[in-house]
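> attaching a predicted model along with its sequence, questions to come.
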Amino acid sequence: PRSHPYLVWAPDYTDDGALARRMAVRPRHFITANKQIEQGILNEPLERGCVRCAASPLTRCLTEVAGGLITPESQDAALGNKKFVGSVLLYEADSIEDVRKRVERDLYWTENVRDKEKQLLLPILMATTL
């Protein structure tokens, strides 16, 4: 099957405990992400050189770009003072269902950090390359 690009806009919940839940889950989220990088499922993060990974037959869903969304006023703050409000991810996958399954296995989803009602998952008709 031919792969297609997808965008996930995943805002966090906005209740009083949302940021604390994100920060509590964040270390485990990075452990999982690092394992997926080692397995070739995810691309390397920018600080490691951002190399494009190749999919194995068992791991056809790839994240091309991923990052936390922060408020504009916390953009220049130290990492510990940034106010996270969600995540954005660009995937290349065989189907939108492959992406949905991967997103719903993420710790930010399962630990109720991401707002499940507001999350968007859409195919992209690319005008440029990444």
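Ah, there it is. What you are looking at is a predicted structure, and each value in this text was computed from that prediction instead of being measured.
> what about residue 64, how many neighbours?
16 (other CB atoms under 10 Å). Bear in mind the C-beta positions are built from the backbone N, C-alpha and C, glycine included.
> is it in a helix, a strand, or coil?
What DSSP: H, G, I helix; E, B strand; the rest coil gives for residue 64 is strand.
> excluding chain neighbours, give the residue nearest to residue 75 in space.
Leaving aside its sequence neighbours, residue 75 sits nearest to residue 82 (CB to CB, 6 or more residues apart in numbering; 7.7 Å).
> ramachandran coordinates for that neighbour?
phi -70, psi 140 (degrees, to the nearest 10).
> so who does it touch?
68, 70-71, 74-75 (CB atoms under 8 Å, 6 or more residues apart in numbering).
> okay, it: pLDDT?
pLDDT recorded at residue 82 is 91.
> and the gap between it and residue 8?
Separation of residue 82 from residue 8 (CB to CB, to the nearest Å): 20 Å.
> related to what we said a few turns ago, confidence-wise, which of the contacts of residue 82 comes last?
Ranked by pLDDT, these bottom out at residue 68, which has 92.
> does it touch residue 86 like I think?
Yes: in this structure residue 68 lies within contact range of residue 86 using CB atoms under 8 Å: 7.4 Å.
> neighbour-wise, which of the two wins?
Each of residue 68 and residue 86 has its neighbours counted (other CB under 10 Å); residue 86 has more, 22 against 16.
> now do the contacts for the closest residue in space to that one that isn't next to it in sequence.
Leaving aside its sequence neighbours, residue 86 sits nearest to residue 11 (CB to CB, 6+ apart; 3.8 Å). Neighbouring residues of residue 11 by CB under 8 Å, 6+ apart: 69, 85-86, 114-115, 118-119.
> could you rerun that using 10 Å?
18, 69, 85-88, 113-115, 117-120 (CB atoms under 10 Å, 6 or more residues apart in numbering).
> which SS state does it fall under?
Residue 11 ends up strand, using three-state DSSP.
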